[in-house]
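**Q** Got a predicted structure plus its sequence, pasted below:
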Amino acid sequence: MSNYVSTASLVVGVAAVHSKASDILVAGAMSMASGAYVSVTSQSDTERADLDLERRELATESNSEHNELAAMYDSRWVEPSLTRQVAEQLMAQDTLAAHAHTRDEFEISDMTTARTVQAALVSAGTFAIGASLPLVTVVAIPPISF
């Protein structure tokens, strides 16, 4: 709901200074895109730091990481006798490349990883769509003089 209020407020605010409809759309789309870009960049930085930490832990504390992965599967109702076997098979490969730890510990996968440019473009596009109704209203209703 707050996105609708933000969009409408931005449109009305920019329109109040008698801007053209195209100026309002461009200003709003750029504002929303830059906000999304900054937000998702922060998320991407956090993911990268988590992955760097995991790489170091896998290199220095392999046994502990093995136990941690086994415990994750144990908490997902995998039979205790199988959890170590699952962890061993997953860790027999390059663990990060196999996505065992990144997917299960950090919930990072190819589908969920932060994509900054995509987020910015989607945000700009959805602003333009969402701003349509308030913008048409602002353009259609003549200004009131006091």
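**A** Received it, and whenever you're ready, just let me know what you need. Since we're looking at a predicted model, the values are computed, not measured. Residues are numbered from 1 along each chain as shown.
**Q** which SS class is Ala33?
**A** helix (DSSP: H, G, I helix; E, B strand; the rest coil).
**Q** list the contacts for it?
**A** Counting by C-beta atoms under 8 Å, 6 or more residues apart in numbering, Ala33 makes contact with Ala120, Leu121, Ser123, Ala124, Phe127. Just so you know, the C-beta spots here come from the backbone N, C-alpha and C atoms, and that holds for glycine as well.
**Q** Of those - the most surrounded one?
**A** Within those, neighbour counts (other C-beta atoms under 10 Å) peak at Phe127, which reaches 25 neighbours.
**Q** in this protein, which spans are strands?
**A** With strands called from DSSP state E, the chain shows none.
**Q** So what's the residue count around Met32?
**A** Neighbours of Met32 using other C-beta under 10 Å come to 24.
**Q** where are the low-confidence patches of this structure?
**A** 1-19, 94-99, 101, 109-112, 138-139, 142-146 (pLDDT under 70).
**Q** mind running it again at 80?
**A** For the chain, applying pLDDT under 80 flags the ranges 1-28, 73-78, 90-114, 131-146.
**Q** Any figure for the gap between Glu50 and Leu121?
**A** Glu isn't right for residue 50; it's Asp. For Asp50, the distance to Leu121 equals 25 Å [C-beta to C-beta, to the nearest Å].
**Q** which residues of the chain fall in helices?
**A** Assigned by DSSP state H, the helices in the chain fall at 2-15, 21-60, 62-74, 80-91, 100-104, 116-130, 132-140.
**Q** which of those helices sits most buried?
**A** Among the helices of the chain, helix 100-104 has the highest mean neighbour count (mean count of other C-beta atoms under 10 Å), at a mean of 20.
**Q** Give me the distance from that one to the chain's centre.
**A** On the basis of C-alpha atoms, centre = their mean, to the nearest Å, helix 100-104 sits 18 Å off its chain's mean C-alpha point.
**Q** just checking, what packs against it?
**A** If contacts are counted by 3 or more C-beta pairs under 8 Å, 6 or more residues apart in numbering; DSSP states H and E, helix 100-104 sits against helix 21-60, helix 62-74, helix 80-91.
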